[in-house]
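J.: sequence and computational prediction follow.
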Amino acid sequence: MALLLAAGALGGLLAGLFGVGMGVTLVPAAVLAGPLLGVAPDVALRLGLGTALALTLPTSALAAWRQHARGALDVALFRRWAWPLLAGAVLGAAAVALVPAWVLARVFGVLALAVAGYLAFWPAGSVLAARPPGGVLPVGLGCFSALMGVGGGTLGVPAMVLCGVPIGTAVATAAGFGVLVAGPAALGLMAAGWGVAGRPWGSLGWVSLPMLGLLLPVALATTPLGVRLAARLPARMLRLGFAGFMALVGAKMLLG
């Protein structure tokens, strides 16, 4: 319980600070806590993914509202990527039910380390495009974000920065992307896990209602703190902080 509560508090803080979803903390915590609660590792992983996405919806909505109120969210980009992100999230949620648990863990770890390396070592002024493209890119971001249970920021922030969006604006806009990804992805995981054997009591598909009720108040309490902190940190510190955290998470998921 202490491990899950800590993951919920940290996840809410990071949702406000970096615009990421709850999966970056809750998925590893669920994998660690599963055996202690008598839950099989593959079931714990999928419950972590589904519950993280269900938690990401309200925490990202709160973060996006706070970021928009201070004028940091790029409304035009948010509108342009909305439908492709939604489509990708639906594809990702469907793939979770088909892909083995160990593959999900490896995908999570590799993508997290790639994000960390990019943010830490890619020159801040170097970009691959003058503006973020539409089409395939947001579809892919939505798909892999749903697979990882992380909302839209973990991959969306580096993708936007690589396309010339300042990191402060990218973090703020990614909070809105989290709402677009988490909603359909969470519903998809509820449907995908319906009736599957081995799930603990109180599971709605791959979403744990007891875990959701336990962590939601904690996550919502820490999300505004992250938004305020993001507004005060220098851009370079924001990049390195994001990179360091993603490196730790990626290493944990790859090494077990």
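T.: That came through, no problem.
J.: now do the SS call for P132.
T.: Three-state call for P132 (DSSP: H, G, I helix; E, B strand; the rest coil): coil.
J.: quick check: it touching V161?
T.: No - the criterion here is Cβ atoms under 8 Å, and P132 misses it with V161 at 9.8 Å. (Each C-beta comes from the backbone N, C-alpha and C, glycine too.)
J.: got any ranges where the stretch 101-250 of the chain has weak pLDDT?
T.: The stretch 101-250 of the chain contains residues with pLDDT under 70 at 101, 123-127, 130, 149.
J.: break down it into its helices, ranges please.
T.: 101-121, 136-148, 153-162, 167-192, 209-232, 235-255 (DSSP state H, counting those that start in this stretch).
J.: just the buried residues of the fifth one, please?
T.: The neighbour-count criterion (16 or more other Cβ atoms under 10 Å) identifies 211-212, 214-216, 218-220, 222-224, 226-227, 230-231 as the buried residues of helix 209-232.
J.: and the residue most central in space within the chain, what is it in contact with?
T.: With distances taken as Cα atoms, centre = their mean, the residue of the chain nearest its centroid is V150 (1.7 Å). Contacts for V150 (Cβ atoms under 8 Å, 6 or more residues apart in numbering) come out as 20-24, 27, 52, 56.
J.: switch the cut-off to 6 Å
T.: Residues in contact with V150, defined by Cβ atoms under 6 Å, 6 or more residues apart in numbering, are 20-21, 23-24.
J.: what about the longest helix in this structure?
T.: Longest helix of the chain, by residue count under DSSP state H: helix 41-69.
J.: for the helix or strand harbouring A33, packing partners?
T.: Using DSSP states H and E, A33 maps to helix 23-36. Packing partners of helix 23-36 (3 or more Cβ pairs under 6 Å, 6 or more residues apart in numbering; DSSP states H and E): helix 2-18, helix 41-69.
J.: so what's the residue count around V39?
T.: Here the number of neighbours of V39 (other Cβ atoms under 10 Å) works out to 21.
J.: could you pull up phi and psi at it?
T.: phi -110, psi 130 (degrees, to the nearest 10).
J.: repeat that for G19.
T.: Dihedral angles (degrees, to the nearest 10) for G19: phi 80, psi 20.
J.: my read: it touches A175, true?
T.: Yes - with contacts counted by Cβ atoms under 6 Å, G19 reaches A175, the gap being 4.3 Å.
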